[in-house]
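Novice: sequence and computational prediction follow.
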Amino acid sequence: MTQKLDVEKFKKMLLDERKRLEKERHANAEGEADRGSELSDYDNHPADAASETYERTKNYALGENFKEIIDRIDDALRKIEEDSYGLCDRCGEPINVERLKAIPYATFCIECQGTLETR
């Protein structure tokens, strides 16, 4: 038996998560800007330059990850408006409610996700 989705509850979860990620993304970007101005006042030792490069690369990757998840949340919110939220993008079957509670922006049911990951 398929459990009925409380779409409004999931919409709130998605909006709250989007807000949290935007805040974290903004804080990450501010930290990167502060670090850049702080380090420009010092002579750069090669090890310092390597550390700075590592940090910038890490922060860039984090920023991209935030962007990807925010985009997926926006897609889920669009699906709510189109009344297609909770349906697998691959097979069209309902995504298990427990999966959506864990990953409210999931686009595939667990079976299709498993198939895609083993390819």
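Specialist: That came through fine.
Novice: could you say which helix or strand holds the most centrally placed residue in the chain?
Specialist: Nearest to the mean C-alpha position of the chain, by CA atoms, centre = their mean, lies residue 69 at 2.0 Å. When secondary structure is defined by DSSP states H and E, residue 69 falls within helix 46-81.
Novice: low-confidence stretches in the protein?
Specialist: Residue ranges of the chain with pLDDT under 70: 1-3, 32-45.
Novice: contacting residues for residue 13?
Specialist: By CB atoms under 8 Å, 6 or more residues apart in numbering, residue 13 lies in contact with residue 104. Just so you know, the C-beta spots here come from the backbone N, C-alpha and C atoms, and that holds for glycine as well.
Novice: picking that back up, the closest residue to the residue nearest to the centre of the chain other than its chain neighbours: neighbouring residues, count only.
Specialist: Leaving aside its chain neighbours, residue 69 sits nearest to residue 21 (6.0 Å; criterion: CB to CB, 6 or more residues apart in numbering). Residue 21 has 16 neighbouring residues, counting by other CB atoms under 10 Å.
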